[in-house]
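> No sequence on hand, only this structure:
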C-alpha cells in the first residue's frame with residue numbers, strides 16, 4: 001500500500017523532534033517558539049505533570065518523513081499560565097457535574113505573545129498543512145476524551161483557518177507599540193500630545209535624579225551571577241503577587257547559552273547595587289517584554305525599565321513592534337495602543353459548545369467597544385493617532 005501523503009504524530013517530549021527540523025519551520029520573529037526555548041522548559045522542570053503542562057506536541061510529516069508542520073501542545077490539568085482566561089468555563093462544567101480538565105492547549109507556556117502557533121515555514125502549502133494539523137489535533141483531542149482544545153495567541157490568519165475547521169474565535173486585547181520610523185526617542189515623544197509628552201519626560205527625569213543607570217545585555221553577555229540576581233528578582237515578583245515562579249534558574253541559564261542573541265536583559269543600578277531588572281525576548285521584528293522585578297521601589301522605575309528602555313532599543317535596532325506583556329491600561333499613555341489578540345477553541349460537548357459560542361459572540365461585541373474606547377485615550381496627537389490605530393488593527397495578522 002502507498003504511504004499517505006501526510007502523516008500525523010504526537011510527542012511527549014520536544015526532543016523527540018530534531019531541533020533543526022522544528023526551527024526550520026518556526027517564524028524568526030517568535031523566539032518563544034524555538035526548540036531551544038521549549039526544550040529548556042521541559043529539561044528544567046518549568047512544565048510537566050506537577051505544574052499541569054504535560055507535553056503533547058503535534059507533528060505533520062510528508063511521505064518522505066520530512067517535518068512539514070508542527071505545534072507545541074500540552075495536556076493541561078489547570079488554566080495557569082495561559083492568559084486566555086477560561087475559569088468561568090471550568091466552573092460551568094463543575095456546576096453541571098462535568099469535568100473540564102484535562103484539556104489540550106496549543107501555546108508557548110507562560111507566554112502571552114501573538115504569533116504563529118502552527119509552524120510551517122514559508123511554504124506555499126501553509127494553509128493546507130495548517131488545515132490538516134488542526135483537523136488531526138481535534139481528532140486526537142476527541143480520542144483522548146478531553147473536554148476541549150485551545151489554540152492561544154494565534155495570528156489572525158491562523159484563527160481564520162481554525163474557524164474554517166469549525167473552531168470558535170475568541171478576541172482579546174493587549175497594548176502594543178508600533179514603530180512609525182522614529183529616528184530617536186525624542187521623535188516618538190514629538191508625536192505625543194503636549195501633556196502626555198510632559199508626563200513621560202517627568203517620569204524619566206525622576207529615575208535619572210535617583211541616580212539610576214542601565215546596562216542592556218544580550219543573553220550571551222550575562223554572567224552566571226547576574227542570572228542568579230535576575231532570578232531572585234523574578235521570584236520575588238511572583239512571591240509578592242501570590243503567584244508561582246515556574247521558570248527556573250537553569251532554564252534562564254540554558255537559553256542564555258543556546259539562544260542568547262534573542263534575549264535582552266535590562267539591569268538597573270544605583271551606584272554599584274543592582275536594584276531592578278527586566279527580561280525581554282528579541283524577534284526579527286518585535287521586542288517582547290516578559291518579566292520584571294525590583295529589590296527597592298523607585299518612582300517611575302518600572303516604566304523606565306519595562307517600557308522606555310525597550311522603546312529606545314526598538315528604535316535603535318529598527319524593530320517594528322514592542323509587545324510589553326498582557327493587560328495594563330496604563331501602557332496607553334506611554335505609547336502602547338490597544339491591539340486585538342486571538343485564540344481558537346474546540347469544545348467536545350455540543351451543549352457546552354453552543355453555550356460558549358453564545359458567550360464568545362457577546363464577549364466579542366464588548367471587546368470591540370472596549371478597544372474603541374481605549375483607542376480614544378491615545379497619547380498621540382490627533383493628526384497622527386488615526387494612522388497608528390490602523391496599524392494596530394493589522395499588525396499581528398500574519
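Structure received. Everything quoted here is computed from the prediction, not taken from an experiment.
> quick one: residue 326 and residue 267, what's the gap?
Going from residue 326 to residue 267 by CB to CB, to the nearest Å gives 23 Å. In this view, the C-beta of every residue, glycine as well, is placed from N, C-alpha and C.
> These two: which has the busier surroundings?
residue 267 (20 against 16; other CB atoms under 10 Å).
> does residue 370 really touch residue 173, like I thought?
Yes: with contact defined as CB atoms under 8 Å, residue 370 counts as touching residue 173 (6.3 Å).
> Mind listing the shared neighbours of those two?
Counting by CB atoms under 8 Å, 6 or more residues apart in numbering, the shared contacts of residue 370 and residue 173 are residue 338.
> any low-confidence regions in the stretch 101-250 of the chain?
For the stretch 101-250 of the chain, no stretch is flagged by pLDDT under 70.
> how about the helices in it?
126-144, 156-164, 185-190, 194-209, 224-241, 249-258 (DSSP state H, counting those that start in this stretch).
> wait, which of the ones you listed is closest to residue 216?
helix 224-241 (12.3 Å; CB to CB).
> My guess is residue 214 contacts residue 270. True?
No: at 11.0 Å, residue 214 does not count as touching residue 270 under the criterion of CB under 8 Å.
> Next, count neighbours for residue 44.
So residue 44, with other CB under 10 Å, has 18 neighbours.
> Kindly provide the distance from it to residue 246.
For residue 44, the distance to residue 246 - CB to CB - is 10 Å.
> Just give the closest residue to residue 141, not the sequence neighbours.
Leaving aside its chain neighbours, residue 141 sits nearest to residue 149 (4.2 Å; criterion: CB to CB, 6 or more residues apart in numbering).
> now do residue 135
residue 165 (5.8 Å).
> Leaving out chain neighbours, which residue sits closest to the residue nearest the centre of the chain?
Closest to where the C-alpha atoms of the chain average out (CA atoms, centre = their mean) is residue 113, at 1.8 Å. Nearest non-adjacent residue to residue 113, counting by CB to CB, 6+ apart: residue 288, 5.0 Å away.
> so how far is residue 278 from that neighbour?
Taking CB to CB, one finds residue 288 at 11 Å from residue 278.
> ditto for residue 353
Counting by CB to CB, the gap from residue 353 to residue 278 is 41 Å.
> Looking only at neighbour counts, state which of those two leads.
Comparing residue 353 with residue 278 by other CB under 10 Å, the one with more neighbours is residue 278, at 28 against 16.
> so that one bridges to which residues?
Beta-bridge partners recorded for residue 278 (DSSP bridges): residue 266, residue 292.
> per-residue pLDDT, it?
Listed pLDDT for residue 278 reads 98.
> Hmm, it is touching residue 287, no?
No: Residue 278 is beyond contact range of residue 287, at 10.8 Å (criterion: CB under 8 Å).
> who touches both of these two?
By CB under 8 Å, 6+ apart, the residues touching both residue 278 and residue 287 are residue 310.
> how about the strands in the protein?
6-11, 53-55, 57-62, 67-71, 73-76, 103-106, 148-154, 168-178, 212-218, 263-270, 273-282, 286-294, 321-323, 337-347 (DSSP state E).
> of all those, which lies closest to residue 40?
Nearest to residue 40, of the strands of the chain and by CB to CB, is strand 263-270 at 11.5 Å.
> ok, and what's touching that closest one?
With CB under 8 Å, 6+ apart as the test, strand 263-270 has contacts from 31, 210-219, 222, 226, 230, 255-256, 274-282, 287, 294, 296, 298, 301, 304-305, 309-310, 313.
> Now that we have those residues, which of them are buried?
For those, a neighbour count by 16 or more other CB atoms under 10 Å gives the buried set as 31, 210, 212, 214, 216-217, 219, 222, 226, 230, 255-256, 274-282, 287, 294, 298, 301, 304-305, 309-310, 313.
> for this protein, longest helix please?
helix 350-375 (DSSP state H).
> Quick one: the helices of the stretch 101-250 of the chain as CSV, columns for distance to residue 86 too.
Below are those laid out as CSV (distance: least, CB to CB, whole Å):
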stretch, distance to residue 86
helix 126-144, 15
helix 156-164, 16
helix 185-190, 37
helix 194-209, 35
helix 224-241, 21
helix 249-258, 26
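> Pretty sure the residue nearest to the centre of the chain sits against residue 324.
No: between residue 113 and residue 324 there is no contact under CB under 8 Å: 10.1 Å.
> dump the residue contacts of the closest residue to residue 179 other than its chain neighbours.
By the measure of CB to CB, 6+ apart, the closest residue to residue 179 outside its immediate chain neighbours is residue 320, 4.9 Å from it. Residue 320 makes contacts with 178, 179, 285, 286, 314, as judged by CB under 8 Å, 6+ apart.
> The third one: neighbouring residues, count only.
Residues lying near residue 285 (other CB under 10 Å) number 17.
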